[in-house]
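Chemist: Sequence unavailable; structure follows:
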């Protein structure tokens with residue numbers, strides 16, 4: 001565990017991740033598990049959100065009670081698989097603003113190409129959490145963070161389900177200021193850029209496509 005990377009080893013997270021890895025798990029169960037595990041991971045990624053106090057009256061007496069400070073959180077999905085993680089975070093932080101980054105990999109150059117970008121206003125004043133289930137090569141994740149920084153974001157965290165050492169290293173090199181929160185750091189990438197042992201293609205398993 002480093003300052004750059006947090007692996008959430010909570011028993012419920014690990015249990016749900018094992019069920020997601022199992023190739024026999026149905027699309028419906030996979031989606032439900034992803035929502036649940038994201039909710040648990042979101043608890044960790046939002047740990048350092050700033051607080052202020054508000055004067056309230058409980059049924060017993062008045063008090064100054066802690067409440068979130070500053071602008072609403074911005075949640076940014078890296079399409080398309082990132083969409084499967086939105087519900088889990090929104091359940092925890094329903095007032096979050098939501099943005100989308102669309103990137104695809106050019107088969108010739110293997111570099112990410114942007115096809116869609118829509119982000120909430122005022123990113124520089126918000127905690128920005130980028131979500132994508134898989135941090136594999138790290139190229140598209142690093143490109144997505146580039147776009148968010150260009151749009152003004154300064155406090156960014158990256159939330160994923162699985163990370164490969166190669167992706168973590170790439171992100172650390174490109175964006176050393178962006179903390180990564182994940183449920184597992186897997187062994188390696190295979191020759192096709194898939195995480196091993198992994199869970200296959202998260203988007204396909206989530207949406208029932210091949």
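Modeler: Arrived safely, thanks for sending. Note that the structure is a prediction, hence the values are computed from the model and not measured.
Chemist: Give the buried residues for the helix or strand residue 203 falls within.
Modeler: Here residue 203, judged by DSSP states H and E, is contained in helix 202-207. By 16 or more other CB atoms under 10 Å, the buried positions in helix 202-207 come out as 202, 203, 205, 206, 207. Quick note: C-beta positions are derived from backbone N, CA and C, even for glycine.
Chemist: My guess is residue 118 contacts residue 100. True?
Modeler: Yes - using CB atoms under 8 Å, residue 118 makes contact with residue 100 at a distance of 5.3 Å.
Chemist: if we can go back for a sec, can you list contacts of the helix holding residue 203?
Modeler: With contact meaning CB atoms under 8 Å, 6 or more residues apart in numbering, helix 202-207 is reached by 20, 25, 27, 30-31, 34, 80-81, 84, 133-134, 161, 199, 209-210.
Chemist: let's see 6 Å
Modeler: Contacts with helix 202-207, where a contact means CB atoms under 6 Å, 6 or more residues apart in numbering, come from 30, 31, 80, 81, 84, 133, 134, 210.
Chemist: helices and strands around the longest strand along the chain, which ones?
Modeler: When the chain is scanned for its longest strand (criterion: DSSP state E), the result is strand 97-105. If you count contacts as 3 or more CB pairs under 6 Å, 6 or more residues apart in numbering; DSSP states H and E, strand 97-105 packs onto strand 74-78, strand 112-118, helix 139-150.
Chemist: So which bits of that strand are buried?
Modeler: So strand 97-105, judged by 16+ other CB under 10 Å, has buried residues 97, 98, 99, 100, 101, 102, 103.
Chemist: Identify each of the helices in the protein and give its residue range.
Modeler: Using DSSP state H, the helices found in the chain span residues 11-21, 27-45, 83-92, 139-150, 165-174, 202-207.
Chemist: Now distance to residue 157 and mean pLDDT too, for the ones you listed, in CSV please.
Modeler: Shown next, in CSV, are the helices of the chain (distance: least, CB to CB, whole Å; pLDDT from 0 to 100):
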stretch, distance to residue 157, mean pLDDT
helix 11-21, 17, 96
helix 27-45, 5, 93
helix 83-92, 11, 90
helix 139-150, 10, 93
helix 165-174, 11, 95
helix 202-207, 19, 85
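Chemist: how about those helices, which one is nearest residue 123?
Modeler: Closest to residue 123 of these, according to CB to CB: helix 139-150, at 6.7 Å.
Chemist: Specify the angle between the closest one and strand 112-118 in degrees.
Modeler: With axes from the mean of the first three to the mean of the last three CA atoms, to 10 degrees as the basis, helix 139-150 and strand 112-118 are set at 40 degrees to each other.
Chemist: Dump the helices of the chain to CSV, plus distance to residue 53.
Modeler: Listed next are the helices of the chain as CSV, based on distance: least, CB to CB, whole Å:
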stretch, distance to residue 53
helix 11-21, 31
helix 27-45, 22
helix 83-92, 21
helix 139-150, 30
helix 165-174, 35
helix 202-207, 40
